[in-house]
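**Q** The following comprises the amino acid sequence and a computationally predicted model.
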Amino acid sequence: MQASFDYIIVGAGSAGCVLANRLSEDADTTILLLEYGGSDHSIFIQMPTALSIPMNTQRFAWQFYTQAEPGLDNRRLHCPRGKVIGGSSSINGMVYVRGHAHDFEEWARRGATDWDYRHCLPYFKKADDWKYGGDAYRKQGGALAVCNGNEMKNPLYRAFIEAGRQAGYMKTDDYNGAQQEGFGAMSMTVRDGVRWSAAKAYLNPAKRRRNLTVLSGALSQRVLFEGKKAVGVEYCRGEKTMRATANREVILCAGVIGSPQLLQCSGVGPAEVLKNAGVEVVHALPGVGENLQDHLEFYFQFVCKQPITLNGKLDWWNKLLIGARWYFFKSGLGATNHFESCAFIRSRAGLAAPDIQYHFLPAAIRYDGKSAFKGHGFQVHVGHNKPHSRGRVWITAPHPLEKPSILFNYLQREEDRQVFRQCVRLTREIIQQPAMEPYRGAEIQPGEAVQSDREIDAFVRQATESAYHPAGTCKMGGDGMAVVDADTRVHGIERLRVVDASIFPVIPNGNLNAPTIMTAERAADLIKGKGMLPPSEAPTELADNWQHAQR
């Protein structure tokens, strides 16, 4: 294998797959893509309903855990990250949410110049293959297939949407379009009943190109430097340690945990963290690994009075039938992630954009599938999407196989605790609407006894889980804690970039796969130095009374 390339990309996740495709479009450019994980050719990855399996499997995911979280009664939370071709897009819940326009306006205000909504929307559209047509916000023909799964055949999905309308909230025809706020159908990255990961969307079509080399089973150990210039990557494959040189740039796409970890292992990061881990400082950059953010959520569960939920399909015989139908026809309950309706609402008056998100599920079961209600039930996943609390990722040893110390500092800010109290009270009000009456039974969780602020706080500390949306550890901007500039270049280092969700200055209002892919699409044009797509003039809509009313 040749040892010199124009670009070396570390990580074949959502961003890495996009960059491998876009950079290899130039036949005169050579690219090496390094990925420690293996093949994504598994039924558990490709079948949407099996989503809980790959994220809990050592073969497909880094099984990270946080340190004891003080705001969650010192619980350690699971934080899986993709360790497979396609990265976390091969193990995630496939939910497609771009975020609110205000998220990207905030990025720009915080120093990510030209990452406002006008400049980001064209790249969301570039990636988009929206099953239902195009408009100023959506299009067909892009790489990333997006649909609504089984089109909300279960009546519970539409009942939830109608309950939101009856409670006084807006409906939205497309929360990824002009109006995010409201209740409506949820989008997923599925095509013809199969998970449509970044590997399927971007990497597979590019593999046939002679100028792209993809190495799986390749663990990147450190970035190689000459002074303050990145010149290559040292990696091991099997028992061999090898080096590859980059004639133009090294691009880290190892994710929110992996990218700061690799920078720190390479001597770039907070000096004290590096010293404590036994790593020589190449370039002191205090923001590497800081600014860690995530979405917390809990499951609001109810008994269902009608036998129409997925809880009735969890025995071995029904699972066999569902699996067989999917295997032969790519249809039925195996062809969806089951999150087919949703909502985005504001927790209080005076907020221009939503800060609470709902995923509706016609089952009462843990996300990891380990514990289900004995009987028929349904649940809504609800959480605060704009947290103020911040954490960090620090290495403790100079080798990337040594898991870093991860602390999110969940619920350390009173503002975050207040919104979770609203999550409980507003959700109860929604589910009590007439549209849910034919289905709504007793409240399973939190339970009707949980009423006061103190009781809700205690429940939230014990019941919340990560929504698996970490972000922000190599943030983009120009302040002293920024790691990359608005062109995704690492401050103070030549020929080194970071492109993944770690560069988000602030976590967007929704699931993170879509904005990660958008970021990589836009970064590809920045890296190639070609003309950027023209900014969009498509308007966005807010609630007319947002200054004075919560709905």
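**A** Thanks, I have the structure now.

**Q** Tell me where the stretch 201-350 of the chain has strands.
**A** For the stretch 201-350 of the chain, applying DSSP state E, counting those that start in this stretch gives strands covering 212-216, 218-226, 229-237, 240-252, 268-269, 283-284, 290-292, 296-304, 341-345.

**Q** With distance to residue 521 and mean pLDDT as added columns, please give those strands in a markdown table.
**A** Heads up, the C-betas are built off the backbone N, CA and C, glycines and all. Putting the strands of the stretch 201-350 of the chain into a markdown table (distance: least, C-beta to C-beta, whole Å; pLDDT from 0 to 100) gives the following:
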| stretch | distance to residue 521 | mean pLDDT |
| --- | --- | --- |
| strand 212-216 | 17 | 97 |
| strand 218-226 | 23 | 98 |
| strand 229-237 | 23 | 97 |
| strand 240-252 | 14 | 97 |
| strand 268-269 | 26 | 98 |
| strand 283-284 | 28 | 98 |
| strand 290-292 | 23 | 98 |
| strand 296-304 | 28 | 97 |
| strand 341-345 | 24 | 98 |
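
**Q** Return the most buried member of those.
**A** A comparison of those by mean neighbour count, using mean count of other C-beta atoms under 10 Å, puts strand 268-269 on top with a mean of 30.

**Q** Helices of the stretch 351-500 of the chain, start to end?
**A** With DSSP state H, counting those that start in this stretch as the criterion, the stretch 351-500 of the chain has helices at 414-431, 453-463.

**Q** Need the winner for burial among those.
**A** It is helix 414-431: most buried of the helices of the stretch 351-500 of the chain by mean count of other C-beta under 10 Å, with a mean of 18.

**Q** correct me, but residue 340 touches residue 152?
**A** Yes. Because the distance of 4.8 Å satisfies C-beta atoms under 8 Å, residue 340 is recorded as touching residue 152.

**Q** what about these two, which has more around it?
**A** Looking at residue 340 and residue 152 with other C-beta atoms under 10 Å, you find the greater number of neighbours at residue 340, namely 25 against 21.

**Q** List the contacts of that one.
**A** For residue 340, the residues meeting the contact criterion (C-beta atoms under 8 Å, 6 or more residues apart in numbering) are 148, 149, 150, 151, 152, 154, 157, 185, 186, 188, 360.

**Q** Could you report the distance from the fifth one to residue 338?
**A** This means residue 152. As judged by C-beta to C-beta, to the nearest Å, residue 152 and residue 338 stand 11 Å apart.

**Q** Can you pull out the low-pLDDT segments for this protein?
**A** Scanning the chain with the threshold set as pLDDT under 70 gives 1-2, 368-370.

**Q** Please produce TSV containing the helices of the stretch 351-500 of the chain, extended by distance to residue 471.
**A** Rendered in TSV, the data for those read as follows (distance: least, C-beta to C-beta, whole Å):
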stretch	distance to residue 471
helix 414-431	15
helix 453-463	21
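
**Q** do you know which of the strands of the stretch 201-350 of the chain lies nearest residue 112?
**A** Residue 112 lies closest to strand 290-292 among the strands of the stretch 201-350 of the chain, at 12.7 Å (C-beta to C-beta).

**Q** How about the secondary structure of the nearest residue to residue 176 once chain neighbours are set aside?
**A** The shortest distance from residue 176 to any residue other than its chain neighbours is 4.8 Å, reached at residue 98 (C-beta to C-beta, 6 or more residues apart in numbering). Three-state assignment for residue 98 (DSSP: H, G, I helix; E, B strand; the rest coil): coil.

**Q** neighbours around residue 98, how many?
**A** Neighbour tally, residue 98, other C-beta under 10 Å: 28.

**Q** Repeat that for residue 522.
**A** Once other C-beta under 10 Å is used to define contacts, residue 522 is seen to have 24 neighbours.
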